[in-house]
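S.K.: Fold the following, please.
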Amino acid sequence: MNQKLFFTALIVLFVLSGVSHYAHFGTVTEFIISAIAILFVAGFLGKATESVAHYAGQRLGGFLNATFGNAAELIIAIFLVREGLFSMVKASITGSIIGNLLLVLGLSVFLGGLKFKEQRFNVQLASHNSSLMILSVIALAIPAIFISTQHFSTQQSKMLSITIAVILIIAYILWLIFSMVTHKDVLADKEETTPDHGEDPAWSKGISILFLVLATVMTAFVSEWLVGTLHTFTADFGLSEVFVGAFLIAIVGNAAEHSAAVMLAMKNKIGAAVEIAIGSSLQIALFVSPVLILVSTLFGPTMDIVFTPIELTAIAVSVFIAKSISSDGRTNWYEGALLLIVYVILGFSFYLV
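M.R.: Presented below is the predicted three-dimensional model:
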């Protein structure tokens, strides 16, 4: 799709999504229009972050792409928290983590592997990412075990959830300092000797930053319109909040990472693709979910950090296979296929819940 056609479709869908919301076209129509609109808005967000990444460099660019790619999910989740839909929020967090580790990374590795026999990225970065992924599983599992087995009071659960949330945010900030400042050179992707491959950015630096801000604002509006349809939509189709949160919302919210990571992998920039996919999962687990717990205190009842056994199992399985595949710093199409197979298995299992 050329740029002019893309922007035309983006503006039309954004306006149509707003009109359908305020004119009350009907839940199903509103949901479909808003879901398609947010895909285009997320694509716009992805293009803007990729353009900014050209000026910022591959590692920082990958971080920016993951951060602004997660903006859609964070904004959607904040609106869900405001509505008190805590179980759907936790399901969407679960879906974001497994979606990035299995679907985004899987598609990137698979399609990149079809074009290039073997792709390589920094082994040390893979090792640190694996350790952080295991930390995220531990941090999410501990409160679930203690609160359920020790029968904590509401006040104790709230205290534990807020404490762990603050600790996770500190851990994430320390990781950014380690990876972006003190050990930046060690973790650089040495496989990419010409990271931009001689390509010109889509827009100038100023326009790229402006579009990044504009795309984030558009995401906020469309996210609110989409969330407004979820109550009725799940009831009409007999879908569980867990499935809607873990797969429908996560897939829609991950659209920016999908497009950017796959495009980079197919340009043999697998290091940046892995940084987006795994980095985004880490950001969701170590930053977004703790922030949502702290934000929930502003709206009334505090959301706890207790995930269900099904959600914890899905996250642990995703982390395990993603760690196994990425630990050697080399990928091929078959490893991508394995990630996608696990995603389909989890998807069907969640659908039956």
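S.K.: Which parts of the stretch 201-350 of the chain are strands?
M.R.: Applying DSSP state E, counting those that start in this stretch to the stretch 201-350 of the chain gives strands spanning 330-331.
S.K.: Give me the below-cutoff pLDDT ranges for it.
M.R.: Within the stretch 201-350 of the chain, the ranges that satisfy pLDDT under 70 run 201, 231, 241, 250, 252-257.
S.K.: Same question for the stretch 1-150 of the chain.
M.R.: Low-confidence segments of the stretch 1-150 of the chain (pLDDT under 70): 1, 57-59, 61-62, 65, 69, 72.
S.K.: which residues in it form helices?
M.R.: Residue ranges of the helices in the stretch 1-150 of the chain, as given by DSSP state H, counting those that start in this stretch, are 3-23, 27-56, 58-82, 86-98, 105-115, 123-149.
S.K.: Return the set of buried residues in the helix or strand that comes right after the last one.
M.R.: By that I understand helix 123-149. Per DSSP states H and E, the first helix or strand lying C-terminal to helix 123-149 is helix 154-177. Within helix 154-177, the residues that qualify as buried are 157-158, 160-162, 164-165, 168-169, 171-172, 175, counting by 16 or more other Cβ atoms under 10 Å. C-betas here are computed from N, CA, C, even on glycine.
S.K.: Now render the residues you listed as TSV, adding distance to residue 207.
M.R.: Below are these laid out as TSV (distance: Cβ to Cβ, whole Å):
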residue	distance to residue 207
157	47
158	45
160	46
161	42
162	41
164	41
165	37
168	35
169	32
171	35
172	30
175	31
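S.K.: and residue 319, which of the helices of the stretch 1-150 of the chain is closest to it?
M.R.: helix 123-149 (4.5 Å; Cβ to Cβ).
S.K.: Find the residue closest to residue 186 in space, skipping its chain neighbours.
M.R.: residue 124 (6.1 Å; Cβ to Cβ, 6 or more residues apart in numbering).
S.K.: how many neighbours does that neighbour have?
M.R.: Residues contacting residue 124 under the criterion other Cβ atoms under 10 Å number 12.
S.K.: From residue 351, how far off is it?
M.R.: With distances taken as Cβ to Cβ, to the nearest Å, residue 124 is found 38 Å from residue 351.
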